[in-house]
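Enquirer: This is a predicted model, with the sequence first.
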Amino acid sequence: MTRHKLIIIVGSTREGRFGPVVGSWIAEQARDHGGFDVNVMDLAAVDIPLSLPAAPPKFAGDSYPRPVGMQPLTRALGEADALMMVTPEYNHSFPASLKAAIDWHFDQWVAKPVGFVSYGGAGGGRHAVLHLQNVLTELHAVPLPDGVAFPKYFSSWEDGQPSEPDAAGQAKLLLDQLAWWAGVLGPAREHDRFPG
Ligand SMILES: Cc1cc2nc3c(=O)[nH]c(=O)nc-3n(C[C@H](O)[C@H](O)[C@H](O)COP(=O)(O)O)c2cc1C
C-alpha cells in the first residue's frame, strides 16, 4: 500500500489546552492505520503572527515572506498528501491560531484532502468544523464531511483515550477516506497544475 504524507495539525495554542491529547490519539490511529507517514504539527510550537504581509499569499507563491519560525509548518503543508485538523470550538467557531495558520498559506492547501477531529461541549466542536469546511473550500482544498467529533470531551476521555466505543472505527473510516482522496489528488496535482 502507498503511504501518504499526513500532517496532523493541533489547532489550539491556549495555556492548559486539551488539544495535544486529541492530537496524540488521532496520530496513534493514523500510525496504526498503516496508510500514512504521520507528522504532527502543533501550532503552539510555530511562529504565526496575526499581522500578514501586504500581498495575499495566493499571488506571491514561494516568495511570500514568512517568519523563520513558520518554516517547519510551511514545509510540512507543502509536502503533505493529506491533512487532519484537530480543533476545539471557540465561540461557535475554530481558534484564531488555526485561522492565522490557514491565512499565511495558499498553494499548500490547493487540491489536498482535509479531515477533522473536533471536541467541545454539547456540539462536539461541529460548529468549528462547519466554519473550517467553508474556509478551506475557498482555498480549493477538499474538506471531508465525515469527521470524528467528541461532545462533552471533559467527561468522555480517560488516560488519553476516548470512552466512546465507536471512536476508533470513526477514525478508521475518516483515515480510509483521506487515503482514498490522497491517492486520487496526488497524481492529479502531479499531472497538471490546478487551474486557478
Ligand atoms: C474562548 C473560548 C470559547 C469557547 N467557546 C465554546 C463554544 O462555543 N462551544 C463549545 O462547545 N465550547 C466552547 N469552549 C470550551 C472549549 O471547547 C474547551 O475549553 C476546550 O478545552 C478548548 O480546547 P483547548 O483546551 O484545546 O483549547 C470555549 C473555550 C474558550 C477558551
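Expert: Looks like it arrived, so ask away.
Enquirer: which residues of the chain score low on pLDDT?
Expert: Applying pLDDT under 70 to the chain flags residues 1.
Enquirer: mind listing the helices for it?
Expert: Here the chain has its helices, by DSSP state H, at 19-33, 57-60, 71-79, 96-103, 126-138, 167-191.
Enquirer: In CSV, list those along with distance to residue 44.
Expert: Quick note: C-beta positions are derived from backbone N, CA and C, even for glycine. Formatted as CSV, the helices of the chain follow (distance: least, Cβ to Cβ, whole Å):
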stretch, distance to residue 44
helix 19-33, 8
helix 57-60, 22
helix 71-79, 11
helix 96-103, 8
helix 126-138, 17
helix 167-191, 23
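Enquirer: Run a quick neighbour tally on the closest residue to residue 21 other than its chain neighbours.
Expert: Distances taken as Cβ to Cβ, 6 or more residues apart in numbering put residue 160 closest to residue 21, at 5.5 Å, once the chain neighbours are dropped. The tally of other residues near residue 160 (other Cβ atoms under 10 Å) stands at 11.
Enquirer: got the phi/psi numbers for residue 160?
Expert: The phi/psi pair for residue 160 (degrees, to the nearest 10) reads phi 80, psi 10.
Enquirer: pretty sure it contacts residue 23?
Expert: No: counting by Cβ atoms under 8 Å, residue 160 does not reach residue 23; the two are 10.5 Å apart.
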